[in-house]
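In: I'd like to go over a predicted model; first the sequence, then the structure.
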Amino acid sequence: MNNPLATQICRLLTIAAFSSLALSAVPAQQQGAAQQGSAQTRNQSGPLPPKSSDLTSKPKISTRVDLVQIDAVVTDKDGKLIKGLKPANFELYEENKLQQLDALDYFDVEKIETAEKDNSEPIVIDLNTSTNPEDLRPLVRDHRLIVLFFDLTSLQPEDLLRSTDAAKKFLKEQLSPADLVAVISLSTQFKVNANFTNDREVLQKAVALLIPGKDAMLQGLGASASDAVTEDNMAAFTPEDTEFNIFNTDNKLYAVQVLAELLGGIPGKKSVLEFTSGITQTGEENRSSLQAATDAANKSNVSFYQVDARGLMTDVPGGDASVGASRGTASFNGSSVFAQRDARHAARDTLYTLAADTGGRTFFDLNDFSGIFKQVQDDTKGYYLLSYTSSNKLRDGRYRSVKVKLVGLPPGSHIKHRPGYYAPKEFAIFNTEDREKQLDSAMASQAALVDLPIAVDTGEFRLANGQFFVPVSAKLASSSLQWAKKSGQHEAKFDFLYEVREMKSKRVAGVQRNNMTIQLDDVNFDANKAIVYQGGILLGPGQYRLKFLARENQTGRIGTFEGDLNLKPAQLNRLELSSVMLSSQLAAQVPRMRGQGQQVRSRTLGNDARVRTSPLDVGGQRIVPSVTRVFTSQQTLYVFFQAYAPAKADPAKLRAGLVFFHNGQRSNETPVVEPAEINPVTRAASFRLSLPLDKLATGSYTVQAVVVEAGGTQAAFARNFFALRKPVNPASAAPAAPPGPPGLPFR
C-alpha cells in the first residue's frame, strides 16, 4: 500500500468557513471527549495528533457576585485630602435607600508620590496574564493607575501628533513615582502597546510607535494639488450615512467596553485618558452599546477622561483648509456653519455621557493638554474605596443612582464619586434588542469567548463549477447544556451564527445564522450526551477566515471559534482527495419528528446559496462527524472521504484502503475496496469504510486514506488523527452505533 507519489502529508483538516446550510442538530452518541481538535491545529504549518482532554469531566462552577465598589475623594474646604476616615463617616444611599458598607479602604497615592526616589526595579503588570486581584493588590497598593488610550480610527494625523506629543511630554516631565501607566490603541484591532509600568523608556517607545512614518503621514494629510480628486465636504454637506455610522460607533463603544473589562481584575481605581475625535451616536441603535460600555467601566472601577484631540476649533464657513471647498449656497447662508457646530456637539455628546457616568471628566477646545494629565493626577492623589452589596436583588439591568454623604466632618468638606451604576441583567429578561446586541458584540470581539465550551471541525468537498462544499460541525459539551422540561419533553434552544471573510479583502464571502430548538422525550434524553450541530457553506477557491459562534438561549452563554480555510483550485490532471471525515455515528438524512422521540426545529436567517444534498449523505444515511475525534473501544469507526478522478481517468476504477499508525508506527491496514457511490458530474468517487474499534489498542492514531487507480498510474492519500480510549464506565457505556457498511477485517 506504500505510494511513491505520497511525498508529503496532506493537511489534517481545512479549518473554518461559515455555513449557509443548516442540516441538522443531533445528540452525539459518544460521551465525554471534548478535545479541541480544530482549535489546537489552527495557525500551524502541519497537523498535530490530538491531545486528550475531557470538558465534560470538568464541571464549571459559577458564582454570582453583586458587590458594588464606589471610589470617593474627600477634601476639606481648602481642597486638601482628608485621610483616616472610618465607615461611620460615610452614609451610602442607592436609589435613596441606605446601604450597609461591607468594606472601606483608603489608597494613599500621595504618600508614594512625595516619597524619596526609589531605585528598585520597575513595576510591570501584564494585562494579558494578570488575573488574580489578590496577587496584584500589593503591587498596585497606593499607586495611581493611568491608561493612555488612543482611538486611531478617528484621529487625523495632526490630531494624533498633538496627542502623542502631549503624552510624551507627560511621561518625561510629569510622571510621578506613584504612577503606573499603560498604553493601549484601537485601529483595525484592539492592542495593548505597553502594560502597566513605571518604566519611562518602555512607555516612551510605545507612544512613539503609534506615529506612522513620514510617507504615511503625508498621505494621510490629503491628496496633492495635482490629483484629480473631488472630496466630500463633510463640514458643509452631511449625507445620509446612518447605516455606516451605527457600526462605526458600536465598534468604538465596544472597544471601550473591552478595555474596561480588561482592567476589571486589577484592584483600585483606573483612570483612562481617551484621545479621540469624537463618537457620534445615531439614536436608539447605539444606546445599548453605550450602556454596556458604561456598565463595564463602573463594574471595573474605571473612570474615563475624554480628550477631544481636535483641540480648539473654529467654525469656518464651508470648512477649514483640511477639507475640500463646499458647493452651492451653504457657505453663504450660514447652514454649513450650523451643520459643523451640530456635528461637533453630536460627536462630543457621547464622550461627555461616558465621562460623567463613570466619574471622569471631559476636555474640549484645548490645544495644551498638559493640564489634563495634572487633573487626572489631582483626582487620584488619594481616595476611599467603598464596597457594599446592594439591597436591591432585582437583576433588571436598570441604572441605579448612588449618593454618598459625609457624617461628622467639618463644614466645607466635600466628597466626589461616580453617580451610579447599571445593575446586572439576567439573560432571561433580555429584550430582542439586547439579545441581538449580545450576538453582534460577540462577533465583533477580538477575544475568544469560552462561557459555552465548543469544539468546531470543518472539511472540504469539491462540487461542480469549481466550488467547494465546506461542512461545519460544532460539538457542545454536555456539562454546558441547560435543558428545560416542557410538556413532557426536554428542550434546549440555541443560536448558531457564523461567517467567512476573504483573508485579503476582508469581504464577507458567506454568513449564516440558525436558531434551533431541540426536544427529546424521556426515552431518548440523556443529560450526559453532547449535542452536535451540522451545517455547511458553498465557497470558491481562496483563503478565508472563519468565525463561529454558538449561544445557549437559556442562560445566554456564548462560545466562539476562529480559524483559517485555504481552498486550492482543482488540478484537473491529478487525482485529488477531499478531507477525511471520522465518525462513530450515522443518522437518517431527515431528522425524526415529534412522536418518534426527537424533534429538531430550525429557523434559518440568511440568503446564501444552499445545496440540496450534502456530500456526507450516502445511501440514505448521513455521516455525523466526530468533532473532537476521541472514540472508545466499544464504538464503530466510520471513515468517509471522496476521490476526484483526473480528466482522462475512470472514477469507477478507483480503489481505496486505510492504513493506521499507532504512536508513530504502522500497525494495521484494511483491504482495498471499490467506491460506495460515484458522481458522474463531479467525477467524485465516495468511499465509506467502517470497523469496530475493539480490535485496536488504546492510544493516539493517524489514519491514512490511500486511493489508487486500478490498472493506472494515479495515486493520492490524505490523513486525519484520532484518539482511542477505554469507556469511562464499561458497564454503563452506550452500545456501539448501528452497523453501516460491512466491517473490514484487519490484515
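Out: That came through fine. Values in this document were obtained by computation on a predicted structure and should not be read as measured data.

In: just checking, next helix/strand downstream of the helix or strand of the chain with the lowest mean pLDDT?
Out: Considering only helices and strands, the least confidently modelled element of the chain by mean pLDDT, DSSP states H and E is helix 37-41, at a mean of 32. Where DSSP states H and E defines the elements, the next helix or strand beyond helix 37-41 is strand 67-75.

In: How far does the helix or strand that comes right after that following strand sit from its chain's centre?
Out: On the C-terminal side of strand 67-75, the nearest following helix or strand under DSSP H and E is strand 90-94. Taking Cα atoms, centre = their mean, to the nearest Å, one finds the center of strand 90-94 at 38 Å from the center of the full chain.

In: So which elements touch strand 90-94?
Out: For strand 90-94, the helices and strands in contact under the criterion 3 or more Cβ pairs under 8 Å, 6 or more residues apart in numbering; DSSP states H and E are strand 67-75, strand 97-99, strand 101-107, strand 383-389, strand 399-406. (C-beta placed from N, C-alpha, C; glycine too.)

In: Buried residues of stretch 389-401, list them for me.
Out: Buried residues in stretch 389-401, defined by neighbour count with 16 or more other Cβ atoms under 10 Å: Ser390, Gly397, Arg400.

In: out of the residues you listed, who's nearest Arg557?
Out: Gly397 (17.1 Å; Cβ to Cβ).

In: That closest one contacts Tyr421, correct?
Out: No: here Gly397 does not reach Tyr421: they are 10.9 Å apart, not a contact under Cβ atoms under 8 Å.

In: What's the end-to-end length of stretch 710-717?
Out: Its first and final residues considered, stretch 710-717 spans 15 Å by Cα to Cα, to the nearest Å.

In: mean confidence score for it?
Out: Stretch 710-717 shows an average pLDDT of 89 in the prediction.

In: let's number from 765 now, not from 1
Out: Noted, 765 is the first residue going forward, which turns the last one into stretch 1474-1481.

In: got the domain boundaries for this protein?
Out: When the chain is parsed into structural domains using automatic domain parsing, the resulting residue ranges are 785-825+1194-1489, 885-978+1007-1091+1112-1145.

In: Grab the nearest non-local neighbour of Phe1133.
Out: Ranked by Cβ to Cβ, 6 or more residues apart in numbering and with sequence neighbours excluded, the top spatial neighbour of Phe1133 is Ala930, at 3.6 Å.

In: Now do Ile1301 against Ala1256, distance only.
Out: 24 Å (Cβ to Cβ, to the nearest Å).

In: out of the two, which sits in the more crowded spot?
Out: Just comparing Ile1301 and Ala1256: by other Cβ atoms under 10 Å the higher neighbour count belongs to Ile1301, 30 against 19.

In: Which entry within the buried residues of stretch 1153-1165 corresponds to the minimum pLDDT?
Out: Per-residue confidence over those reaches its minimum at Gly1161, where pLDDT is 70.

In: And the helices in the stretch 1215-1364 of the chain?
Out: Counting by DSSP state H, counting those that start in this stretch, the stretch 1215-1364 of the chain yields no residue ranges for helices.

In: now the buried residues of stretch 1153-1165 as TSV including distance to Ser1205?
Out: Below are those laid out as TSV (distance: Cβ to Cβ, whole Å):
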residue	distance to Ser1205
Ser1154	25
Gly1161	15
Arg1164	22
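
In: so which of the residues you listed would you say is closest to Asn1443?
Out: Asn1443 has its nearest neighbour among the buried residues of stretch 1153-1165 in Gly1161, at 53.4 Å by Cβ to Cβ.

In: which residues touch the closest one?
Out: Gly1161 makes contact with Tyr1186, Ala1187, Pro1188, Lys1189, Ile1193, Asp1198, according to Cβ atoms under 8 Å, 6 or more residues apart in numbering.

In: again, only using 10 Å
Out: Neighbouring residues of Gly1161 by Cβ atoms under 10 Å, 6 or more residues apart in numbering: 1052, 1055-1056, 1059, 1186-1190, 1193-1195, 1198.

In: Just read off the phi/psi values of it.
Out: For Gly1161, the backbone dihedrals (degrees, to the nearest 10) come out as phi 70, psi 10.

In: And what about Asp899, helix, strand or coil?
Out: Here Asp899 takes the helix state, with states given by DSSP: H, G, I helix; E, B strand; the rest coil.

In: no no, Leu1173
Out: For Leu1173, the assignment made with three-state DSSP gives coil.

In: just Ile876 next, same as before
Out: In three-state terms, and counting by three-state DSSP, Ile876 is helix.

In: Burial check on it, number of neighbours?
Out: As a burial measure, the neighbour count of Ile876 was computed by other Cβ under 10 Å and equals 17.

In: which residues does it contact?
Out: Applying Cβ under 10 Å, 6+ apart, the residues near Ile876 are Asp882, Arg905, Asp906, His907, Arg908, Ser940, Pro941, Ala942, Asp943.

In: Leaving out sequence neighbours, find the closest residue to the second one.
Out: In space, not counting the residues next to it along the chain, Arg905 is nearest to Phe871; the distance is 7.3 Å by Cβ to Cβ, 6+ apart.

In: do the last one as well
Out: Taking Cβ to Cβ, 6+ apart, and ignoring the residues beside it in sequence, Asp943 has Arg908 as its nearest neighbour in space, at 5.0 Å.

In: residues contacting the one you found?
Out: Arg908 makes contacts with 871, 873-874, 876-877, 939-945, 962, 1032-1035, 1140-1141, 1143-1147, as judged by Cβ under 10 Å, 6+ apart.

In: Tell me how far it lies from Val1467.
Out: For Arg908, the distance to Val1467 equals 59 Å [Cβ to Cβ].

In: can you check Gln1276 too?
Out: When distance is defined by Cβ to Cβ, Gln1276 is 30 Å away from Val1467.

In: which residue packs closest to Ser1342, ignoring adjacent ones?
Out: Nearest in space to Ser1342, with sequence neighbours left out and distances taken as Cβ to Cβ, 6+ apart, is Gln1406 at 4.2 Å.

In: quick one on the thing from earlier: and the residue nearest to Phe1133, what does it touch?
Out: For Ala930, the contact set (Cβ under 10 Å, 6+ apart) comprises 912, 971, 1037, 1039, 1071, 1073, 1130-1137.

In: ok, of those, which come out buried?
Out: Buried positions within the contacts of Ala930, assessed by neighbour count (16+ other Cβ under 10 Å), are Leu912, Val971, Leu1037, Phe1039, Val1071, Ala1073, Leu1130, Phe1133, Ile1136, Phe1137.

In: got CSV for those, with pLDDT, distance to Val1437 and secondary structure too?
Out: Conversion of the buried ones among the contacts of Ala930 to CSV gives the following (pLDDT from 0 to 100; distance: Cβ to Cβ, whole Å; DSSP: H, G, I helix; E, B strand; the rest coil):
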residue, pLDDT, distance to Val1437, secondary structure
Leu912, 94, 65, strand
Val971, 92, 65, helix
Leu1037, 92, 68, strand
Phe1039, 90, 66, strand
Val1071, 88, 70, strand
Ala1073, 80, 69, coil
Leu1130, 72, 78, coil
Phe1133, 79, 75, coil
Ile1136, 86, 75, helix
Phe1137, 88, 75, helix
